[in-house]
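Trainee: Provide a 3D model corresponding to the input given below.
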Amino acid sequence: MNSIDPENLKQAIRDVLDEAFSNGQGIFLDRKTSLFETLADMTAQEASIPVGGKCATLAAQVRHVAFYLDVVDRSVRDPNAPRADWDEIWRTVSVVTPDEWDAIRADLRASYDRILRLMDDTPDWNDVDVIAGTVGVVAHTAYHLGEIRQALCTLRS
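Mentor: Got it, this is the predicted structure:
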């Protein structure tokens, strides 16, 4: 029976996370379309526009991705962590100032860096929950990146 070397699995997941967040290289995204690349030139005004009738603003979408990463980090490091309020961001994040927008993007970067450290701190890459959790981070981020990019396409047309 063949098995996957946990270090190879960990590196593959890091490569896909890098693609989703930092450096769209063509693994599953077009070049230069990662989340950080997409957000780099987005203005606070654009981030404050709800796309569609009752949809969240792009600022809320970005804050939600950071929140998700933080929940994953906390729950892995402390299985007894308090339950997250998943609706809070959707209720509270709407129009942002340029300084608030910069802070949201900086918070996303910090949350992403914590997830990378969590990967380094996780010793057992044969654990199905560890693998599923990291795949979930990629899938969740890709979903919101798609929403953000589609909304920007609509806003900028």
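Trainee: by contact count, what packs against the lengthiest helix in the chain?
Mentor: Looking across the chain with DSSP state H, the single longest helix is helix 128-155. On a contact count with 3 or more C-beta pairs under 8 Å, 6 or more residues apart in numbering; DSSP states H and E, helix 128-155 meets helix 6-21, helix 35-40, helix 58-77. Every C-beta, even on glycine, is put in place using the N, C-alpha and C of the backbone.
Trainee: any buried residues in it, and which?
Mentor: Buried residues in helix 128-155, counted by 16 or more other C-beta atoms under 10 Å: 130-131, 133-134, 137-138, 140-142, 144-145, 147-148, 151-152.
Trainee: low pLDDT regions in this protein?
Mentor: 53 (pLDDT under 70).
Trainee: repeat that with 50
Mentor: Filtered on pLDDT under 50, the chain yields no residues whatsoever.
Trainee: just the helices and strands packed on helix 128-155: most buried one?
Mentor: Sort those by mean neighbour count, taking mean count of other C-beta atoms under 10 Å, and helix 58-77 sits at the top with a mean of 20.
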